[in-house]
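A.B. asks: how would this look folded up:
(2 chains)
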Amino acid sequence: MSRRLEAGGSWIDRAKPLRFTFDGAEYEGFEGDTLASALLANGVVDGFWSPILSRPRGVMTDGTDEPNAFVAVLEPWVDLITPATTVPLVEGLVALARAGVADLADAAPAGGRIGHVHRHVETLIVGGGDAGCEAARAAAGRGDRVLLVEERPRTITDVSGGEDVTVLSDATALGVYDDGYVIVHERVRAAAGERRVTVYAGNDPVEHTIPLPHGMERIWHVRAGRVVLATGAFERPLAFVGNDRPGVMLASSAMRYIERFGVLPGERAVAFVTNDWGKEAAGRAGAELVDVVDARDGRAVVRADGDPRVASVTIREADGSGTTVKADLLLISGGWNPNLGLWRAIGGGLTYDEGRACFVPDGAGPSWLSVAGAASGALPESAPLWFVEHGDDAEKYVDLQRDQTVTDVRMAVEAGLRSVEHVKRATYIGTAVDQGRTSGVLTAEIVNTALGWDPGAQGPTNARPPYTPVSYKSLAGPYQGLLLEPIRITPIHASHIERGAEFENVGQWKRPWYFPRDGESTDEAVARECLAVRNAIGAMDASTLGKIEVVGPDAPAFLDRMYTNRMSNLKPGAIRYGLMCGLDGMVFDDGVAMRLGEDRFLVTTTTGGAARVLDHFEEWLQTEWTDLRVFCTTVTEQWAVVALNGPQTRDVLTAAGTDVDLAKEAFPHMTFRDGAVAGVPARLARVSFSGELAFEAHVSSWHGRYVWDALMAAGEPFGIAPYGTEAMHVLRAEKGYVIVGQDTDGTVTPFDLGMDWIVNPSKGDFIGRRSFSRPDTARPDRKQLVGLLPEEPQVLLPEGAQLILQDTGAIPMPMSGHVTSSYRSAALGRTFALAMLKGGHAMHGRTVFAPMPEGTVAATVTPPVFYDPVGTRRDG
Amino acid sequence: MLLVPCPWCGLRDEVEFRYGGQTHVNYPADPDALTDEEWADFLFMRDNPSGDFRERWFHAAGCRRWFNAIRNTATYEFRAVYRVGEKPPA
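C.D. replies: Numbering: from 1, shown residues only, chains lettered A, B, ... in the order given. Below is the predicted model of the structure:
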């Protein structure tokens, strides 16, 4: 029976009673209580269950090392799983017991305010105990900016004397990372209410009241010159038969429940200790102390019995005789473990301290990191006892949160495992919420013992950030929804929305996918858009194309080295398509180069490849060819581009108004002209990604929307249709134009694409050239680009489908290729596909098969150009 | 997260940088003079020491300059940084 004493309890305020609900029943506690101390004060000592074996469990500790007393907090904030020992009691708190496993049904609704704060300090101190406060005072005395974080929601008052000292309470250092980077999770739980702040409007102070609601959180990103870990030590339990019963409690925890909260955890106690601190704590725990069993005297507690709470304790004397005594509380102190999870996760080492029977810092950590106080090993001597030999090992619990016993550890060792890291993965010991705070050293020493090794031969497994559980929502903070990632839109975007476009994401860009008219399906809309381009005119927003200006006297020579074909002999006013390869000879990006002048080019890249290509250019210019006088400038967002495709293109441009002579002879394919379109300055370029007569109008991004609207209005009588990326994909595939990154995957050479014509080895060296003659790159059975026509003309091959040469049904099937692009073509009146097929260039006319769950699809291999192979429409 | 000492900008967060692997692996003056094995060695093979390593970094979200560094691969400590074209410190 636990109860609250009439007096005492330095952390609680008896003038401030609080009501709370636990598992549906109402109780009272005081301000300053934890949920665990309030439950103990109300006699709720064994309301908890273990997660795997469903054994009854009680509160064993008073901190983040608690392995038993897990709760879900539902009001006034939501915390899916947390130890009751770390929950500050507040008015109206509602909590449920949880058997070490969270229930997502308790999840908080989305929303809430979680800020992220960035802070630089000279000294960050983790832990607001004596050692932490002393370190803070010393740092403040040096004039440092100081941040001290204390995980308990307690006011820290003994830090003073500095100009810039910040103390965060209810704040946990989740992880310590390289070069003094620390992530801190701050919560508002006990301290909810209001905060008065003064803001200056000019010289006039204005008082504001800031609400601090329950559950408000902040994530602090701290960069500190020095980090001091004053994280204390955890008292260690011991493994013996029945050591997991309710009523078994760490000695120092029992002492703290009396001294801090005025709560008596039991009436008649037996203490089982290995050290003086534990012995002293047991003496201060308030209960009648029936016996102090000190392992250093050769005595041991060999079993605890009860139903389920401890009712009797069996003690084995040094001479082997045994006695059983009645007790409702069994206080344990098996020594002390410095709390070094943060230290180890950043590379700090441990060494075994024989006298204290624990692992202490070996001083080999990063130079900016130090450990103070109990965490550094300022701890009492202890007998090296981990588990009691007497009794059935299968009833001695090592990791209470994983229900793993001494037997489980021994079985792992007998199975051949020696490293604690392997034993951890076989038993799951140390993988629960407390990450082995109570079980880590016990497990290591049981393994050492089982192997006949000395104590300390190997230490506990590593804990990893976060130090205590934190929700993804907190880590995401404000970076959700629209703030998750930048969204890039073109200057014409608003028009696409007005026209009801469906959008697709291309990298960070939002591009119109297709423009459905009333009631149209995706397929119907795409077919209509394709036919508009083939038969009249279509308009596409091509502003997302990457655009880089390459300028300087050596720009022509530079581009000759970057592209597989020659760019230096391009005349001003002319355009050339180019492929870029990596050093390994694999296609990397493609686009066109427009020669603006003797010393300047505008090169376009794929929409997704713009940043990559610019980086690629910069890397070669800065690290290899530093003698080349070339500047590269990204101008992607400076230009809006409207691509007009279709036989009526000239008519629409003329109707919109232009001073450029559009005649075939004056303005041939793959040239550009500067002039005006719809009254604004424009660069008109004859490039076609559809195979139709096509002009791109490049205008200042400020004029993008205006020019788009003008062209759409001028095109109305000609049946102009805006079209999206899906129609663009179909149109280019009908012409066999590849999309880098869809038809290629970083393992494809220009020769694999059948684009031998674009590789010009006579112009001198260029990136990728030497690799074309590597034996693997020159193999004849490489996957090569082909077209596919399914035998059933309305069957659509799925992109990614594997291809086989013989449809025998035998498994495994030798895979000979895969489909890279596949569409329904309105122009062809059937489906078609592009594919990469082993030795495909020599297989035109053969039949291949795509085995699909609903049946095998047969298809004929063809050249990859399906529409207007000679290019008369494009060049017209 | 490392603090990377960009020689142009000073100490900046690692997220601003792109790692560039081993440095002083120069593009061969005449790739055709290399055997296939030598070319493959240049393309694919890099040192992987435990300890000091000369490597390249690119301040992609900063000054956009490439530079060289000597960094201990075991402790992650930057021992020196130097600009492209400068001799590595002893």
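A.B. asks: Surely A:T231 and A:L342 touch.
C.D. replies: Yes: counting by Cβ atoms under 8 Å, A:T231 does reach A:L342; the two are 6.5 Å apart. Using the backbone N, CA and C atoms, a C-beta is placed for each residue, glycine as well.
A.B. asks: and chain B, which residues reach chain A?
C.D. replies: Contact residues, chain B versus chain A (Cβ under 8 Å from any Cβ of the partner chain): B:1-3, B:14, B:18, B:20, B:26-27, B:31-32, B:34, B:36, B:39-40, B:43, B:56, B:58, B:60, B:64-66, B:75-76, B:84-85.
A.B. asks: residues in chain A within reach of chain B, list them.
C.D. replies: A:177-181, A:223, A:347, A:366, A:583-584, A:615, A:618-619, A:622-624, A:626, A:765, A:769-771, A:773-775.
A.B. asks: Closest to the centroid, which residue in chain B?
C.D. replies: B:R56 (1.7 Å; Cα atoms, centre = their mean).
A.B. asks: residues contacting that residue?
C.D. replies: A:623, B:19-23, B:66-69 (Cβ atoms under 8 Å, 6 or more residues apart in numbering or on different chains).
A.B. asks: nearest spatial neighbour of A:S771, skipping sequence neighbours?
C.D. replies: Of all residues not flanking A:S771 in the chain, A:G585 sits nearest, at 3.2 Å (Cβ to Cβ, 6 or more residues apart in numbering or on different chains).
A.B. asks: Secondary structure element holding that neighbour?
C.D. replies: A:G585 belongs to no helix or strand when assigned by DSSP states H and E.
A.B. asks: And the pLDDT for it?
C.D. replies: At A:G585, the pLDDT value in this model is 97.
A.B. asks: Which residue does the stretch 551-700 of chain A have closest to chain B?
C.D. replies: Residue nearest to chain B within the stretch 551-700 of chain A: A:Q622 (4.4 Å; Cβ to the nearest Cβ).
A.B. asks: Can you tell me the closest non-neighbouring residue to that residue?
C.D. replies: B:W66 (4.4 Å).
A.B. asks: Residues touching the helix or strand bottoming out on mean pLDDT in chain A, excluding its own?
C.D. replies: In chain A, the helix or strand scored least confidently by mean pLDDT, DSSP states H and E is strand A:193-201, which has a mean of 78. The contact list for strand A:193-201 (Cβ under 8 Å, 6+ apart) reads A:205-212.
A.B. asks: Tell me what angle the next helix or strand after that strand forms with strand A:193-201.
C.D. replies: The helix or strand immediately downstream of strand A:193-201 is strand A:204-212, counting by DSSP H and E. Using axes from the mean of the first three to the mean of the last three Cα atoms, to 10 degrees, the direction of strand A:204-212 lies 150 degrees away from that of strand A:193-201.
A.B. asks: Would you mark the buried spots in whichever helix or strand comes after strand A:204-212?
C.D. replies: Counting by DSSP H and E, the next helix or strand C-terminal to strand A:204-212 is strand A:217-229. Within strand A:217-229, the residues that qualify as buried are A:217-224, A:226-229, counting by 16 or more other Cβ atoms under 10 Å in any protein chain shown.
A.B. asks: And stretch A:510-519, by the same measure?
C.D. replies: In stretch A:510-519, counting by 16+ other Cβ under 10 Å, buried: A:510-516.
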